[in-house]
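In: Build me a structure from this.
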Amino acid sequence: MKTYTLLLLSIFVALLMACGPSPKKMQEEIKQKEALLFNENGLLNPEKGNEMIRLYYEYYRKFPKDTLSAKYLFDAAGLKVTLKDYYGAIGIYDTIISQFAQTHEAPQALFMKAFTYDNYLQRINEARQYYQLFIDTYPHHSLADDAKKSIEFLGKSDEEIMKMLEEASKISESQK
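Out: Residues are numbered from 1 along each chain as shown. Below is the predicted model:
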């Protein structure tokens, strides 16, 4: 009797999973809803933004091995930043870094994690730590120079940064 019950339960679970949306169907739904995220003035509708984040996460939960999940999570993190949920964005970046280390989104997620600590949370020590981790992990990535410059500019005001850039420009011009 136990075997028969387990068999029926297995069949029931398999049927439930088969009835769920396919990756293609969910991708179509995501594409349609992405087109409606912003109003005619280019502003994000917060309600639609949160709905989109939920949909991206649903795709990731249903298809965790699909590399498209990494892209959707990255987009969800971007929406979290836009909605000023910076720690929520960092949590998503961490998921991408740990679950999708071999994807194109992983280095971008690490850089954006540092950038979020730097520019939105003003947590200089964490920003420095993650920029340096980025440089150490991805020394040849196209964002490596940006990470180095970001470390150089940490804690400086816009005026101080402008002065540094002007001085660097003068030095560069005098060496020509």
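In: Can you classify the residue nearest to the spatial centre of the chain by secondary structure?
Out: The centroid of the chain falls nearest to residue 74 when counting by Cα atoms, centre = their mean (3.0 Å). Under DSSP: H, G, I helix; E, B strand; the rest coil, the three-state class of residue 74 is helix.
In: mind listing what it touches?
Out: 92, 96, 105, 108, 109 (Cβ atoms under 8 Å, 6 or more residues apart in numbering). All C-beta spots, glycine's among them, are computed from the backbone N, C-alpha and C.
In: The third one is in contact with residue 72, isn't it?
Out: No: if you go by Cβ atoms under 8 Å, residue 105 and residue 72 don't touch, sitting 9.5 Å apart.
In: I'd guessed residue 30 sits against residue 72; true?
Out: Yes: contact criterion Cβ under 8 Å: residue 30 and residue 72 qualify, at 7.0 Å.
In: okay, these two: which has more neighbours?
Out: Neighbour totals were compared for residue 30 and residue 72, and residue 72 leads with 25 against 18 (other Cβ atoms under 10 Å).
In: contacting residues around residue 81?
Out: So residue 81 contacts 89, 112, 116, 120 (Cβ under 8 Å, 6+ apart).
In: Of these, which qualify as buried by neighbour count?
Out: Neighbour-count burial (16 or more other Cβ atoms under 10 Å) is assigned, among these, to 89, 112, 116.
In: Spit out the contact partners of the last one.
Out: If you count contacts by Cβ under 8 Å, 6+ apart, residue 116 has them with 81, 86, 89, 90, 93.
In: let's go with 7 Å and repeat that
Out: For residue 116, the contacting residues are 81, 86, 89, 90, by Cβ atoms under 7 Å, 6 or more residues apart in numbering.
In: Run the chain-centre distance for the helix or strand harbouring the third one.
Out: Here residue 89, judged by DSSP states H and E, is contained in helix 86-99. Once both centres are worked out by Cα atoms, centre = their mean, to the nearest Å, helix 86-99 turns out to sit 6 Å from its chain's centre.
In: Which positions in whatever helix or strand comes next after it come out as buried?
Out: Sequence order places helix 105-119 as the next helix or strand after helix 86-99, per DSSP H and E. Within helix 105-119, the residues that count as buried by 16+ other Cβ under 10 Å are 105-118.
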